[in-house]
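1. dropping the sequence and predicted coords here.
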Amino acid sequence: MGDSERTWAVVGILGGIILVCAIVIALMIRYNPSVRAIWNQNEYNLQKVDDSTTYETKKKVEDTCRSMIISYMSDKITYEQYKNSDSKEQLNWAESARIRANKTAISYNEYILKNQFVWVGNIPDDIKTELEIIE
């Protein structure tokens with residue numbers, strides 16, 4: 001066997017070893033719970049950093065919050081306007097507005113909790129940390 005043939009044999013063996021190692025690592029990542037947990041935690045941390053530092057994410061969350069606040073305030077004003085009316089129809093409007101406002105408040109409060117990492121304690125002045133439930 002010549003030098004060239006031995007070199008190719010060594011390269012083939014090393015290539016096979018590298019391929020087997022890559023397959024073993026891939027299988028460990030895929031099926032080993034401990035390795036998978038570490039991998040997933042790292043992916044989660046990277047996504048969290050991306051989300052908290054990406055302008056588009058902040059803008060989307062802020063725009064959604066502002067939209068929900070406007071909807072809530074509109075329904076709250078309608079409720080306040082008609083809640084003491086003598087008209088049964090207007091009382092129905094008030095109750096419907098109160099229900100819509102409360103649904104919005106519940107959704108908003110949950111949305112704020114899920115997305116609070118976006119601001120990391122530096123929430124914009126026009127974004128409320130919570131919308132109150134109207135009793």
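-> Thanks, I have the structure now. Keep in mind that what you see is a predicted model, and the values were worked out from it rather than measured.
2. from now on I want contacts and neighbour counts done on CA atoms only, so please keep to that.
-> Fine.
3. the lowest-mean-pLDDT helix or strand in the chain: what's the following helix or strand?
-> The weakest-scoring helix or strand in the chain, judged by mean pLDDT, DSSP states H and E, is helix 33-53 (a mean of 79). Next helix or strand after helix 33-53 toward the C-terminus (DSSP states H and E): helix 55-82.
4. for that following helix, buried residues please.
-> Residues of helix 55-82 classed as buried under the neighbour-count rule (16 or more other CA atoms under 10 Å) are 58, 61-62, 65-66, 68-69, 72-73, 75-76, 78-79, 82.
5. how about stretch 23-31?
-> With the criterion 16+ other CA under 10 Å, stretch 23-31 contains buried residues residue 29.
6. who's in contact with that stretch?
-> Stretch 23-31 has contacts (CA atoms under 8 Å, 6 or more residues apart in numbering) with 35-36, 39.
7. one more pass at 7 Å, please.
-> 35-36 (CA atoms under 7 Å, 6 or more residues apart in numbering).
8. any idea of the mean pLDDT for it?
-> For stretch 23-31, the mean pLDDT works out to 83.
9. any stretches of this structure with poor pLDDT?
-> Where the chain drops to pLDDT under 70, the residues are 1-2, 51-52.
10. the helix or strand where residue 97 lies vs helix 55-82, what angle?
-> Per DSSP H and E: residue 97 is located in helix 88-115. Helix 88-115 runs at 160 degrees relative to helix 55-82, counting by axes from the mean of the first three to the mean of the last three CA atoms, to 10 degrees.
11. alright, that wraps it up for me.
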